[in-house]
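**Q** Give the three-dimensional model of this entry:
(chains A and B)
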Amino acid sequence: MKLLSRTEEFILLAVIYLKESAYAVMIRQRLKEVTGKSWSYGALFTSLEQMVRKGYLDSYLTEPLSERGGRSKRIYRISLTGKEALTAIREMGNTMWEAAYTREAGDIN
Amino acid sequence: MNSVKKKPPRLSEYLFGRMFPDKGHYTTVSDIEEDFHDLQHEKGIFYASFWYRFQTISAIPNYFSNRTKRTYAMFKNYLKISARNLRKNKLYSLINILSLAIAFGCCILIFSFIRDEYTYDRFHEHADEIFQVYSEYYYGENNIVWRRPQSPLAPTLTPMFPEILNAARADYEDYIVRYEDRTFTERFLCVDPEFFDIFTFPVKEGNRNATELEMNSVILSQDMAEKYFGENEPIGKVLQVKIRDGFRTFAVSGVFEKIPSNSSLPLDFVINIRISSGESLDVWDLSSGPSVFIRLENREQAADLENKFPDTINKNLYDKGVSKKSGYHLNSLTDYHLDYYYSGVLRNSSNKLYSYILSAISVLVLIIAVCNFVNLSVGGSSPRMKEIGLRKVFGAQRKQLIRQFWVESIIISCIAIITGVVFSIGFLPTFNEMTQRMLSLDYLMGIKYILGLCCAGLLVGVTSGIYPALAMSRSTTVDLFKKVFGMTGKNSFSRFLIIFQFVISIFFIIFTIAINKQYDFMMDKKFGLDSELAITLDLQNSSSDQSRNDIIFSTLRDRLQSDSRIVSVSASHAKYNMYSASVVENNMKERSLLRFNWVDYKYLDFFGLKLTEGRNFQKDRPSDAGRTIIVNQTFVDQYEVESPIGKKLSNIFKRSWGDGEIIGIVEDFHYNSLHNEIMPLYLTLPDEGGDDHYSYIYIKMNSDNIRSTLDLIKREFNRLAPDDPFMYSFMDEEIAREYESEKQYGRMFSFVSFFAIFIACSGLFGLTSLTVARRNKEISIRKVLGASSSGIMSLINRDFLVLVAAGNLFAWPIAFFAVDKWLQNFAFRIGINPLFFISAGFIAFFIALFTVSLQSVRTASANPVDSLRDE
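**A** Numbering: from 1, shown residues only, chains lettered A, B, ... in the order given. Purely as a prediction, here's the structure:
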């Protein structure tokens, strides 16, 4: 399986955090909150589309909403594959971190 | 703040929607609009609009990178499916690839041939600026004779016309070369040193000033250097060359680089023209001097230069008894090979017509192969149609299906190109032997040609994919499942293509038959001369002292005639297949152009020619020599001479020789290949003690033990001329050489038509197997209900053979027209025989029948249970 990129990882985490309200606007807001930098919609949509295609994300359309002029929202949800990918990247990260610091501690001793 | 929601910028909104359509739901647009409205609240419409636009623009790179990735993914999918399809339908893929590969191979070979034709002499650096000067002499209004310029003309040209950069004379001579104990007769190109300022024949090794051609130096071609000196250093080696009556010593001063095979000026030995022609170079008379080549500053000046001739150099001619229409003209070197009008020393001219015909043929062969592809994909197997139907059911868009087909056809055509290149490399030696060329395919490695091949592959792929792609993707899903395609359905396009393929193939076969028949006809007829077991002895090299030739002839004749193995001996001045042109005048001062020859009194008997009127030359009448003339029937007919016997004629080139009296009329015979009309002609006996002599001896042998007879002739000849090589050739072979190009093109046609019919039939084979597979159940049921095997075979065969028959119907008139047109090239030609058409039709028909039967026999003899039991 291909490793998740950092962008993908963050988007997936944002989607999990946002639960039912995980649509593009909110995801972007969340990313901005955490990273402090403004994400372009182009990059966001491209990543979302790709992750749907790769099967990390599922998506569904809401009922037409009056506040959006009768248009739906596309809500994203993490899939099982997505979760596995996240866990995998996290474990790898942990291993790297732990190994790095154990070694450092060992050097000091 | 203003609570009225302003619309986002229209163009940006549109663009954004196009880039992220979200499968038509456009939630993306409302998402960004949400933020837009928030921003509008906080920072105002101006800022928000700017932000929206910025978002749109910054999304463009993302959009494109995304798209490329997706296209690539899709393309990978197309490739995968194509590969699967190719593997699944092995037979059809094989037929498609093979037929396209053969077609490409033929195209590459033919292209190489045509390229060779069109690059003739182009390797000279100044090829475009080189012209040959020749003169047309008019005697009276229409009697035109082409001659080389007067010998001293060339050196006067450069000072007279500033646009002429260089001028040089060139001529071929055959000389005997002796090195150590070996003797050969070789062809020498004798030139002025300026020759090498005009033509670029680079000297590979040798003295720096080798091309200055000192009187005792010779330059060799690479082949000749190897022939004489092998591995040894050739420079400085000494050769003996017999020029006129004595051997002269020449030192090799240089060796040429390898000369491209497509040169009109073959050269082996090059010496200074002063050596060969000597004083005669300075004599202003009308007899043929060497050829003259000039190099201009640029090509466009030629026409102007030619216009200057009448007031300048043409004046040299007018006081020599030719009419005022005579004059000098220019002929471009690069035009020579394909458009020759005047040849001079140039050799190997060719007919442009054949280049056109061949390129048309290669395109037609390619079309036949493309037809196969179209037929096999449209008539496509039913699993394939089901696959496409299923794709449609699952929502494949039309353009995706079209792309799928195109990717497939392009893959096939690319594989075919590569296979075709391999094929052409494999067939190159055969092809070279057929065309008598030394073609090489190295040029294909040039970037220009690699790109060309890629384009050809792409073009053929796209073309052959168009119809299947459009037809299959257009049809409705239900149709695809109902299998309305193919032969049994309403698809007349497929039938049309098969007919078309067979029209082309049958056309080729007819043309091949016609070429070969015409060739056989010409070979059979020879020259209408009795040339069997006759040889020609070439005396021209032996001596410049021509009376010595006469002595050799008469002594040889006397010695040989006593031998029972020798049937007859004769001789002539000009070779029997190369008469010279001349002009005669009757006592009314009327001039007529004709061919003539000085012959021995046995000449007519030797060649089995009959007199229709009058008498032959007689040995026992010494007054016949130089005083009597025999003319041919054409002379009498063309010049409408009444009671010609006894009329006097005088040759205006040989005034000293006086009037000759016509003593006989000979039936028409060929002195030239059958391409040419027979012209008026006269023969005469040379005057004893005159200066017109025999250069060729003809000897006819009887059929027993030819080798010993040849040995006898050689022995006798060597006794008479011990220094000279014994050079003979059989007349039949010499005559055959005149028809070499028909033979070559005949072979090329057979080659191409073989492949054309092969491709067409492999397509037919594939199509039959498709039809049979589709009608398998129907046929099995017929069998169960009692149809006979032969009945089933004819059921399948009939469908196809009708098409071949229809092909015949169309091919015949086209072929008739083309063959008739082609035969116009020959003055003496075969009549168009209906048998050509019928036999071509039968050939095509039987090959097709055989091909189709390969499949139908199998089906007809199969056990019906095998195909019926699964239902």
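**Q** ok, residue 12 - contacts?
**A** Answering for chain A, as no chain was given. Residues near residue A:12 by CB atoms under 8 Å, 6 or more residues apart in numbering or on different chains: A:4, A:51, A:56-57, A:78, A:82, A:85-86. To be clear about C-beta, it is placed using only N, CA and C from the backbone, and glycine gets the same treatment.
**Q** wrong one, I was asking about chain B
**A** Contacts of residue B:12 by CB under 8 Å, 6+ apart are B:52-53, B:55-56.
**Q** ok so, going back, ok, so of the contacts of residue A:12, who is nearest residue B:749?
**A** Using CB to CB, residue A:51 comes nearest to residue B:749 of the contacts of residue A:12, at 64.0 Å.
**Q** Just send the contacts of residue B:12 back as JSON lines, with distance to chain A too.
**A** JSON lines is the format used below for these (distance: CB to the nearest CB, whole Å):
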{"residue": "B:52", "distance to chain A": "9"}
{"residue": "B:53", "distance to chain A": "12"}
{"residue": "B:55", "distance to chain A": "5"}
{"residue": "B:56", "distance to chain A": "8"}
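**Q** Out of the residues you listed, the closest to residue A:19 would be?
**A** Residue A:19 lies nearest to residue B:55 out of the contacts of residue B:12, by CB to CB, at 25.9 Å.
**Q** measure the closest one to residue A:34 for me?
**A** Going from residue B:55 to residue A:34 by CB to CB, to the nearest Å gives 20 Å.
**Q** same thing with residue B:318?
**A** Distance, residue B:318 to residue A:34, by CB to CB: 106 Å.
**Q** cool, and residue B:290?
**A** 96 Å.
**Q** and what of residue B:184?
**A** Using CB to CB, one gets 96 Å for the distance from residue B:184 to residue A:34.
**Q** now do residue B:799
**A** Per CB to CB, residue B:799 is found 73 Å from residue A:34.
**Q** Which one's more surrounded, the two?
**A** The residue with more neighbours, out of residue B:799 and residue A:34, is residue B:799; 19 against 12, by other CB atoms under 10 Å in any protein chain shown.
**Q** quick one: secondary structure of the more buried one?
**A** Judged by DSSP: H, G, I helix; E, B strand; the rest coil, the three-state class of residue B:799 is helix.
**Q** was I right about it contacting residue B:774?
**A** No. Between residue B:799 and residue B:774 there is no contact under CB atoms under 8 Å: 12.0 Å.
**Q** What are the buried residues along the helix-or-strand element of chain A with minimal mean pLDDT?
**A** The weakest-scoring helix or strand in chain A, judged by mean pLDDT, DSSP states H and E, is helix A:80-108 (a mean of 84). Neighbour-count burial for helix A:80-108 flags A:82, A:85-86, A:89 (criterion: 16 or more other CB atoms under 10 Å in any protein chain shown).
**Q** what's that helix packed up against?
**A** Packing partners of helix A:80-108 (3 or more CB pairs under 8 Å, 6 or more residues apart in numbering or on different chains; DSSP states H and E): helix A:6-18.
**Q** Kindly recompute the last result at 10 Å.
**A** With contacts taken as 3 or more CB pairs under 10 Å, 6 or more residues apart in numbering or on different chains; DSSP states H and E, helix A:80-108 sits against helix A:6-18, helix A:41-54, strand A:57-61, strand A:74-78.
**Q** May I see the ones you listed organised as JSON lines, with distance to residue B:681 and mean pLDDT added?
**A** Below are the helices and strands packed on helix A:80-108 laid out as JSON lines (distance: least, CB to CB, whole Å; pLDDT from 0 to 100):
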{"stretch": "helix A:6-18", "distance to residue B:681": "96", "mean pLDDT": "91"}
{"stretch": "helix A:41-54", "distance to residue B:681": "89", "mean pLDDT": "88"}
{"stretch": "strand A:57-61", "distance to residue B:681": "98", "mean pLDDT": "88"}
{"stretch": "strand A:74-78", "distance to residue B:681": "99", "mean pLDDT": "91"}
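**Q** Out of the buried residues of helix A:80-108, which is nearest to residue B:738?
**A** residue A:85 (82.8 Å).
**Q** which residue packs closest to that closest one, ignoring adjacent ones?
**A** Leaving aside its sequence neighbours, residue A:85 sits nearest to residue A:4 (CB to CB, 6 or more residues apart in numbering or on different chains; 5.2 Å).
**Q** what's near enough to touch that neighbour?
**A** A:10-12, A:51, A:54, A:56, A:82, A:85-86, A:88-90, A:92 (CB atoms under 10 Å, 6 or more residues apart in numbering or on different chains).
**Q** And for residue B:334?
**A** Contacts for residue B:334 (CB under 10 Å, 6+ apart) come out as B:118-122, B:124, B:127-131, B:264, B:299.
**Q** Any of these buried? List them.
**A** Using 16+ other CB under 10 Å as the burial test, the contacts of residue B:334 include B:120-121, B:124, B:127-131, B:264 as buried.
**Q** Just those residues: which are in helices?
**A** Within those, no residue falls in helices by DSSP state H.
**Q** what does the helix or strand encompassing residue B:242 rub up against?
**A** Per DSSP states H and E, residue B:242 falls inside strand B:238-243. The contact list for strand B:238-243, computed with CB under 10 Å, 6+ apart, reads B:173, B:175-180, B:183, B:185-186, B:188, B:190, B:216, B:218, B:220, B:224, B:228-229, B:246-252, B:269, B:271, B:275-276, B:278, B:541-544, B:723-724.
**Q** Please list all residues in contact with residue 53.
**A** In the absence of a named chain, this looks at chain A. B:66, B:69-70, B:73.
**Q** please go with chain B instead
**A** Residues near residue B:53 by CB under 10 Å, 6+ apart: B:8-9, B:11-13, B:15-16.
**Q** redo that, cut-off 7 Å
**A** B:9, B:12 (CB atoms under 7 Å, 6 or more residues apart in numbering or on different chains).
**Q** And the pLDDT at it?
**A** If you check residue B:53, the pLDDT there is 89.
**Q** before we move on, back to that, mind checking the SS state of the residue nearest to residue A:85?
**A** With three-state DSSP as the basis, the three-state label of residue A:4 is coil.
**Q** Let me know the pLDDT of it.
**A** Residue A:4 carries a pLDDT score of 87 in this model.
**Q** Having no further points to raise, I will conclude here.
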